[in-house]
Structure formats: C-alpha cells, structure tokens
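Chemist: Kindly return the folded structure for what I paste below:
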Amino acid sequence: MSRRQWTVLAVAVLSLALLVLTSLGTGAGTYGLPEVAGYLLGDPARLADDKLAMIVDTLRLPRTLASLLIGAALAVAASLLQGATRNPLAEPGLLGVNEGAVFALVIGISFFAVESTGGYLLWAGIGAVLGNLVVLALASMMGVASPLRLVLAGVALTAVFGGLANYLLLADRVALDQFRFWNLGSLAGVQMDSLATLLPGAVLALLGAIALSHRLQLMSMGDQQARALGVSTSWVRAGVLTAASILTACAVAVAGPIGFIGFLAAYCGRAIEPVVLPRQLLFSALSGALLLIGADILARWLIQPYELPVGTLLAAIGAPVLILVVLRGGFRSLLAGR
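Modeler: Just a heads-up that it's a prediction; the model follows:
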C-alpha cells in the first residue's frame, strides 16, 4: 500500500476506536463513558450496579458490535456486487436484494411463525439469493447486463417484492406488528445471542470474499481474458453471489433492510483504492463500520431521549449522495453501458 493508504488506514482504525467508545457512552439514561468503562474494566462498584449492567450488556454493547459487523458486511457485499457486475452503483438495497430478503422473511413470519434469529437468517438468506438471481436474470433478458439495466431491474424488483410483502402483512396483523419496526432498519434491541448466531456465517462469507477477490480482480479485464488466465468466471460469480447474499442476510436478519450503507462505503473504498480489489474490500469494510456506527450514534443523539431508526437517517444521507454521484458523471457512464 502507498503511504497515503497507510495513513488513511491508521486514521480509520483510530476513528473507529473513538466511535466505539462514544457509542458505549451514548444512550438513554444518566450513564456515560466513565461508568461504562469502569464496568467493562471490572470496577467492583460498577459491577454491583444492576441497572448499569443491564444497559451495557443488553443495550449498548450489543448494538455497538452489531453496527461494526453489519456495516462491514453490507460494504463488502456491495463491493463484491460492484466487481461482479462492473456497476459502480450496485449494492444490496439498489439491486433489490434487501427487498428480496424482506419478502422471504415476511413469508416466514406469516406462514411459518418464524421468531428466532436463526429463522430470520435462513429466510432472509433465501430471499437475498432469490433477489440476486432474479435481478441478474431480468437484466440479462434486456440484453447485456449493463449498469443501467441492472439498476432498472433492481428498482422494478424492489417494487414487486415490496408490494407482495405489504399484501401479506395487511392480511396478518400479528405479523405486521412483529415486522413494522424492524422494517425501518434499526439496531435498537439487538441481542448478544443474535450476534453469536450470525457471526459464523458472516465470518465464512467474509473469508470467501477475500478468497474470491483475486479472481474477481482478473475478471475486471473481461471474461475472455480471465478465462485465458484460468479463471472459471461462472464459478467466481456464483461464489460472489453466495457470499454477498449471506452477508446481506446477516445484516437484514438483525437490523432490517438498511439501505445506502453499502453504496456509500463501497464508494469510499473505491476512492481510496480504485484498482486492487482485496485492498478495496478492506477499506470498504472499514468505511461501512465507521458510517454505520457514526449514523447509529447520531440517531440516538438527535432527538434524545428518543431515537431515529438508523435506516431512515442513512436514507436521508445516502439519497442526496447518490444523486450527486450520478450528476457528476455516473449517469453518463451508465448510459454508455446500455
């Protein structure tokens, strides 16, 4: 890595540590960072405080860890999809993958009484894979799967899955009550056992993404050149689809369909490292963790003692950024790929 990239990496790690401390010290109640730090460091007086123990173990620590895991997972999923589709705007939210996971999860809640994190993960994973497959198939039916066609197919798929999910929910009030707050995208109420359930799948998917990144890098030259170098492009795309779907499912199962975080983080990662994909994944993951934990802190702070759903806040930030990127040249590149 260049000196500039090492500097960015050091600043990102330091910023992440500071945001973790800020997240642990932010929330409803009178407990700030000194009290939380004392509890985590084993101060007997703090350990004896049952209310502090409940706030740290049940509320702040799980959601802080969840923001790191989910931010990194969605960022890596977006980077993989961008590399596989050669679409700088590809991310689970824009391509309909999130909504596919939501639709499958609504089916699980409505017809199979799914309530556990493991059940959420299973149904969200099925829906994420389905969303990926359908959007790629739709784009291919329009001709070459250009960036513009992928985005249009993703928008259409999001509308269809969203409409079907709403239809099922209107017929089941219990499922609607279980679903509606989760659907806004929030880290409130994340439990440590939920993270423990998701962690193995997320780690395996991240390791798979790292393993695939070198071959995916070769495919950026074109499928024909990659095959000449011994890369099985179909297997690589299948692996990317699987890894991105698992990462998306892990995020959706815990926090709901948080949009734009993958796009924003992958955009930052590509700006720092535009060429080497393994490094780009690293910087994207760091950017995703930073963005989500920062947005979660802001969501808790803006309207205290209440809080905003972090998905709503990220949509308010991400949509203008997406429009700005398109106006600064992204739209011309999309049209060039028709």
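Chemist: what about Ser234, how many neighbours?
Modeler: A count of nearby residues for Ser234, using other C-beta atoms under 10 Å, gives 10. Glycine gets a C-beta too; all of them are placed from N, C-alpha and C.
Chemist: Now do the contacts for it.
Modeler: Applying C-beta atoms under 8 Å, 6 or more residues apart in numbering to Ser234 gives no contacts.
Chemist: if you set the cut-off to 10 Å instead, what comes out?
Modeler: Listed by C-beta atoms under 10 Å, 6 or more residues apart in numbering, the contact partners of Ser234 are 223, 227.
Chemist: Could you report the separation of it from Arg227?
Modeler: Distance of Ser234 to Arg227, given as C-beta to C-beta, to the nearest Å: 10 Å.
Chemist: ok, now which ones touch Arg227?
Modeler: Applying C-beta under 10 Å, 6+ apart, the residues near Arg227 are 218-219, 233-234.
Chemist: mind checking the SS state of it?
Modeler: Secondary structure, DSSP: H, G, I helix; E, B strand; the rest coil: Arg227 is helix.
Chemist: Kindly provide the distance from it to Arg215.
Modeler: When distance is defined by C-beta to C-beta, Arg227 is 11 Å away from Arg215.
Chemist: can you list residues touching both of those two?
Modeler: Thr233.
Chemist: Flag the shaky bits of the stretch 101-250 of the chain, pLDDT-wise.
Modeler: Low-confidence segments of the stretch 101-250 of the chain (pLDDT under 70): 139-140, 142-150, 178, 181-184.
Chemist: Helices of that one, start to end?
Modeler: Per DSSP state H, counting those that start in this stretch, the stretch 101-250 of the chain carries helices over the ranges 117-141, 147-170, 173-183, 192-219, 223-228, 233-255.
Chemist: Nearest to Ile303 among the ones you listed would be which one?
Modeler: Checking these against Ile303 by C-beta to C-beta gives helix 173-183 as the closest, at 16.0 Å.
Chemist: do you know how far Val203 is from Ala249?
Modeler: 14 Å.
Chemist: more neighbours, these two?
Modeler: The neighbour comparison of Val203 against Ala249 (other C-beta under 10 Å) goes to Ala249, with 33 against 12.
Chemist: residue contacts, the more buried one?
Modeler: Taking C-beta under 10 Å, 6+ apart as the test, what Ala249 contacts is 73, 77, 92, 97-98, 100-101, 104-105, 120-129, 198, 201-202, 205.
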